[in-house]
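[1] what follows is a predicted protein model with its sequence.
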Amino acid sequence: MTKADLIENVSERVGFYKKEASEIVELVFEVLKENLSTGENVKISGFGNFMVRRKKTRKGRNPQTGDEIQISERNVVTFKTSQVLKNALNNR
């Protein structure tokens, strides 16, 4: 599913014009980005948790040359599904 598909789906289900649905979807993504960029976790009940994790500096390899390289420290976003979503995915 793409963002355009999500907008279309919201528009049809809620009865908004596509422009209104687009603004809502964009706003939701913006709020998520703002919270995650400040290091705050985002919990969506019945769906899951988006968490910011810090990855330490580590050694890696350039796949083309095989040379060892240093991969810098960075933040990554992880997602853990809620039990409700897990059950829905597994038809329980």
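    Sure, I can see it.
[2] in this structure, which spans are helices?
    Secondary structure of the chain by DSSP state H: the helices cover 3-14, 18-37, 83-89.
[3] I'd like to know which elements the longest one is packed against.
    Looking back up the chat, that one is helix 18-37. Here helix 18-37 is seen to pack against helix 3-14, strand 42-44, strand 48-55 when contacts are counted using 3 or more Cβ pairs under 8 Å, 6 or more residues apart in numbering; DSSP states H and E. C-beta coordinates here come from the backbone N, C-alpha and C atoms, glycine included.
[4] next, the buried residues of it.
    Applying a neighbour-count criterion of 16 or more other Cβ atoms under 10 Å, the buried positions in helix 18-37 are 21-22, 25, 36.
[5] what's it in contact with?
    With contacts defined as Cβ atoms under 8 Å, 6 or more residues apart in numbering, helix 18-37 is touched by 3, 6-8, 10-11, 14, 16, 41-42, 50, 52, 77.
[6] quick one: buried ones out of these?
    Listed as buried from the contacts of helix 18-37 are 7-8, 10-11, 42, 50, 52; burial here means 16+ other Cβ under 10 Å.
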